[in-house]
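[1] This is a predicted model, with the sequence first.
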Amino acid sequence: MTIAFFDSGIGGITVLSEAVKQLPQENFLYFADTLHVPYGTKSKDQVMEYVLDAADRIVREEVQALVIACNTATSIAAAELRKIYSIPIIGMEPAVKPAVEMNRNSGKRVLVFATPLTLSQSKYNELVARVDDHGSVDSLPLPELVGYCENLNFDRTEIADYFWGKLAGIDLNAYGTVVLGCTHYPFYKEILRELLPGHIEIIDGSRGTVSRLRNVLCLKDVGGGEGQGRIQFMCSSDDPAYIVKMEKAFDIFNRLQN
Ligand code: DGL
């Protein structure tokens, strides 16, 4: 079985890494839409067109499922893709529901980091309206972080300065959980961990997404798959240098996890 993962760029590698951990014997195809990254600052119509084109190319590789490892692409195009394709399409959304649950008794608030496009969509606003019965969810767009990540910029001082600029004026003690609602952001979880007060939990949707993938495909635990744990990287610009970058990003993220 080959399972495709798709993102605008290298962000979805944070989800792929979790999938490889949980399903080491499946085969994976990772596709980045390098011609159009970033998505989060573009219009809904543009991103819809990009995602449909990318999906068309991915399904030609005869994959058995598609994980949209991108919150932005999911909010714009997941429903449309499900109308077009019969293979399972697994999307992602910011982990607002578990975050609200985690803080139900503490009275602390939830801060969601995501792209401007994700945060402006009705899908996100309906999700918050559905699960946030105490009005405890705030959101902060961090579009520049996608650019840092695409440049493999993990310079602690520069990134910390960026976060401090964005978080200036926010009373962090009021928050119990920060939700990383863009798949690029977990590359910066360690840096954020050093900046945020110790009581704040930082969560993302990777584990939940891979659990859903396993359930949808009825995949078994470690050792149950039929593949060899192969990962093939592809990108819309067919740029060999970007393939090398994706392999490097995969290694960097795995190192951060250990
Ligand atoms: N990684 C993406 C997400 O989860 C999109 C980032 C972008 O292209 O702006 O939202």
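    Perfect, thanks for sending it.
[2] Please list the residues of the stretch 151-258 of the chain that sit near the ligand.
    With Cβ under 6 Å from any ligand atom as the criterion, the stretch 151-258 of the chain meets the ligand at residues 182-184. C-beta: built from backbone N, CA, C; applies to glycine.
[3] okay if I get those as TSV plus neighbour count and distance to residue 22?
    Formatted as TSV, the entries for those read as follows, by neighbours: other Cβ atoms under 10 Å; distance: Cβ to Cβ, whole Å:
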residue	neighbour count	distance to residue 22
182	34	21
183	32	16
184	30	21
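[4] Identify each buried residue in stretch 201-215, please.
    In terms of neighbour count (16 or more other Cβ atoms under 10 Å), stretch 201-215 has its buried residues at 201-206, 208-210, 212-214.
[5] Please verify my assumption that residue 209 contacts residue 90.
    Yes. Because the distance of 6.4 Å satisfies Cβ atoms under 8 Å, residue 209 is recorded as touching residue 90.
[6] Mind listing the shared neighbours of the two?
    Counting by Cβ atoms under 8 Å, 6 or more residues apart in numbering, the contacts common to residue 209 and residue 90 are residue 67.
[7] Name the weakest-confidence residue in the buried residues of stretch 201-215, if you would.
    Across the buried residues of stretch 201-215, the member with the lowest pLDDT is residue 214, scoring 92.
[8] Could you check how far it is from residue 202?
    As defined by Cβ to Cβ, to the nearest Å, residue 214 lies at a distance of 23 Å from residue 202.
[9] Am I right that residue 113 sits in a strand?
    Yes. Counting by DSSP: H, G, I helix; E, B strand; the rest coil, one finds residue 113 located in a strand.
[10] List the beta-bridge partners for it.
    With DSSP bridges as the criterion, residue 113 is bridged to residue 140, residue 180.
[11] Pull the contacting residues for it.
    139-142, 145, 178-182, 185.
[12] quick check: longest helix of this structure.
    Assignment by DSSP state H gives helix 240-257 as the longest helix of the chain.
[13] Number of residues surrounding residue 234?
    The burial metric for residue 234, expressed as a neighbour count using other Cβ atoms under 10 Å, is 19.
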